[in-house]
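Asker: Just to be clear, the model below is a prediction. Sequence and coordinates:
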Amino acid sequence: MPLTPETLTRHELVGLQTRVVESTNPDSVGIGGRVVDETMRTLVIEGDRVRRVPKQGTTFEFALPRTDEAADAEKASGTTFELPSETAGRTGQSDGCEDVAYVTVDGTRLLSRPALRTEKAGVSIWR
Amino acid sequence: MGIAAERIDRLATLAREAVTAGETDRARRYVRLARRIAERNRLTLPRSFRRFTCDACDAYLRPGRNARVRLADGHVVVRCDCGATARYPYE
């Protein structure tokens, strides 16, 4: 399962480029950079300096590099994805960069322990 | 490859890059997270991951940087900067 807008909330966020587009804290709007760490309630973003941003009340815009594999899955996902995220939507190519998909995600959807986020959809394997 | 396996893959790469950049503690976080994901999803970690991480302190090992590698009779000895050694057989 490649990293696509549909799987983003269950996939690895560390290493992705991100930007805070909306927040209850006006000072954190505009923080951007690379995600370097994740905890249950925060993301650590390294831009010009390292900042820890709460997930709650923050909307992030992730830049997903588009690979061939992801593009194939994108086509297929039109009919098959079972858990569409209401708040995750493509905002198009805002930076003029090719081969990058921008995905906005409500941080509340990411509230989970980093290792457990992958398991949140579907049936538990621990039944 | 499932999401979990892919996350482990990405974390291994990230840990390697972090060690190269001198961020050993950050690499440690990635290694611990990868181990936890494998545990939760009942996956076997790739052999390269097992060989290049320290069982004792979770550091991602780069021989020459934070690990010493010796060859002994029938086995490889990898000693982490933390002092822990790991031995692997070879033919």
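Answerer: That came through, no problem.
Asker: what pLDDT does the residue nearest to B:Met1 when sequence neighbours are not counted get?
Answerer: Nearest in space to B:Met1, with sequence neighbours left out and distances taken as CB to CB, 6 or more residues apart in numbering or on different chains, is A:Met1 at 7.1 Å. Yep, even glycine has a C-beta here, placed from its N, CA and C like the rest. pLDDT for A:Met1: 75.
Asker: Tell me how far the residue lying closest to A:Leu3 once chain neighbours are set aside lies from B:Ala86.
Answerer: Using CB to CB, 6+ apart and skipping the chain neighbours, the partner closest in space to A:Leu3 is A:His11 (4.9 Å). Counting by CB to CB, to the nearest Å, the gap from A:His11 to B:Ala86 is 30 Å.
Asker: Please say which of those two ends up with more neighbours.
Answerer: Between A:His11 and B:Ala86, counting by other CB atoms under 10 Å in any protein chain shown, A:His11 is the more crowded of the two (21 against 18).
Asker: can you pull the contacts of the residue nearest to B:Met1?
Answerer: By CB atoms under 8 Å, 6 or more residues apart in numbering or on different chains, A:Met1 lies in contact with A:Thr7, A:His11, A:Ala73, B:Met1, B:Gly2, B:Ile3, B:Glu6.
Asker: With respect to pLDDT, which of those residues ranks lowest?
Answerer: When the contacts of A:Met1 are sorted by pLDDT, the bottom entry is A:Ala73 at 52.
Asker: picking that back up, among the contacts of A:Met1, name the buried ones.
Answerer: If you count burial by 16 or more other CB atoms under 10 Å in any protein chain shown, the buried members of those come out as A:Thr7, A:His11, A:Ala73, B:Ile3, B:Glu6.
Asker: quick one, phi psi at the residue most central in space within chain B?
Answerer: In chain B, the centroid-proximal residue (CA atoms, centre = their mean) is B:Thr53; its distance is 1.9 Å. B:Thr53 has phi and psi values of phi -130, psi 150 when expressed as degrees, to the nearest 10.
Asker: what about it, distance to B:Gly2?
Answerer: The separation that B:Thr53 has from B:Gly2, given CB to CB, amounts to 21 Å.
Asker: Also A:Arg51?
Answerer: Where B:Gly2 is concerned, A:Arg51 sits at a distance of 32 Å (CB to CB).
Asker: so what pLDDT did residue 42 get?
Answerer: Picked chain A for this. 94.
Asker: actually chain B
Answerer: Value listed for B:Arg42 in the pLDDT field: 92.
Asker: Does residue 4 belong to a helix, a strand or coil?
Answerer: Looking at chain A here, since you left the chain open. coil (DSSP: H, G, I helix; E, B strand; the rest coil).
Asker: Report how many residues lie close to it.
Answerer: A:Thr4 has 22 nearby residues by other CB under 10 Å.
Asker: Run a quick check on it versus A:Leu64, I expect a contact.
Answerer: Yes - proximity of A:Thr4 to A:Leu64 meets the contact threshold set by CB atoms under 8 Å, at 7.3 Å.
Asker: which intervals of the chain have sub-threshold pLDDT?
Answerer: Just so you know, I chose chain A. A:67-98, A:120-127 (pLDDT under 70).
Asker: swap the cut-off to 80 and go again
Answerer: In the predicted model, chain A carries pLDDT under 80 at residues A:1, A:66-99, A:120-127.
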